[in-house]
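In: Got a sequence here, can you model it:
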Amino acid sequence: MTNHPMETSFDVRFYETDALAHVSNTVIVGWFEAAREPVFRMFTPSLDLKNWPLILASYHVDFHAQIFYGQPVTVKTYISRIGNSSFDVFQELWQNESKCASGTTTMVHFDYKNQQACAIPEEVRSAMDVHLREKNG
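Out: Predicted structure coming up:
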């Protein structure tokens, strides 16, 4: 496995903090979704929502450390499983060289017109292979 992450960085905005003075746990899910944009582009380079070929099946997030305002965060995005029509995206959120959260999202290549899952095209599989990593790797 090549273990090559897609990386996206965000500045932590003041309004993303909560009454405990750290980033609210709901914000992390949004950062993870935004950091999946390179994966979305593998399926739809133009990000045309009228021809969107993906559906979210599930996600799970683990929190490892608090995240604070004033320091940027980086999300490292990997592909951790490729099935026939579904795949898993594994992500880690880092701040100040500490892993603060990790999560897995299962996505399905989906034909909305026919309301059914469909096989992931070979060219997309090849693009995903570059970022393939086992979750514990």
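In: CA only for contacts and neighbour counts going forward, please
Out: OK.
In: What pairs with the lengthiest strand in the chain, parallel or antiparallel?
Out: If you go by DSSP state E, the chain has its longest strand at strand 98-111. Strand 98-111 has the following strand partners under DSSP bridges: strand 54-63 (antiparallel), strand 86-95 (antiparallel), strand 116-117 (antiparallel).
In: highest average neighbour count across those?
Out: Mean neighbours per residue, mean count of other C-alpha atoms under 10 Å, is largest over the strands paired with strand 98-111 for strand 86-95, with a mean of 22.
In: what's next to the longest strand of the chain, contact-wise?
Out: 28, 53-67, 85-94, 116-120 (C-alpha atoms under 8 Å, 6 or more residues apart in numbering).
In: buried residues in it?
Out: The neighbour-count check on strand 98-111 (16 or more other C-alpha atoms under 10 Å) flags 99-111 as buried.
In: what would those look like in TSV with distance to H22?
Out: Below are those laid out as TSV (distance: C-alpha to C-alpha, whole Å):
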residue	distance to H22
K99	15
C100	12
A101	13
S102	17
G103	19
T104	22
T105	24
T106	27
M107	29
V108	33
H109	35
F110	37
D111	40
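In: wait, which of those residues is closest to M42?
Out: For the buried residues of strand 98-111, the residue nearest M42 by C-alpha to C-alpha is H109; the value is 11.3 Å.
In: Leaving out the residues flanking it, which one is nearest to that closest one?
Out: L54 (4.7 Å; C-alpha to C-alpha, 6 or more residues apart in numbering).
In: do the same with A35
Out: T8 (5.7 Å).
In: Run a quick neighbour tally on the one you found.
Out: Applying other C-alpha atoms under 10 Å, we find 18 other residues in the vicinity of T8.
In: what's the spacing between it and W31?
Out: 9 Å (C-alpha to C-alpha, to the nearest Å).
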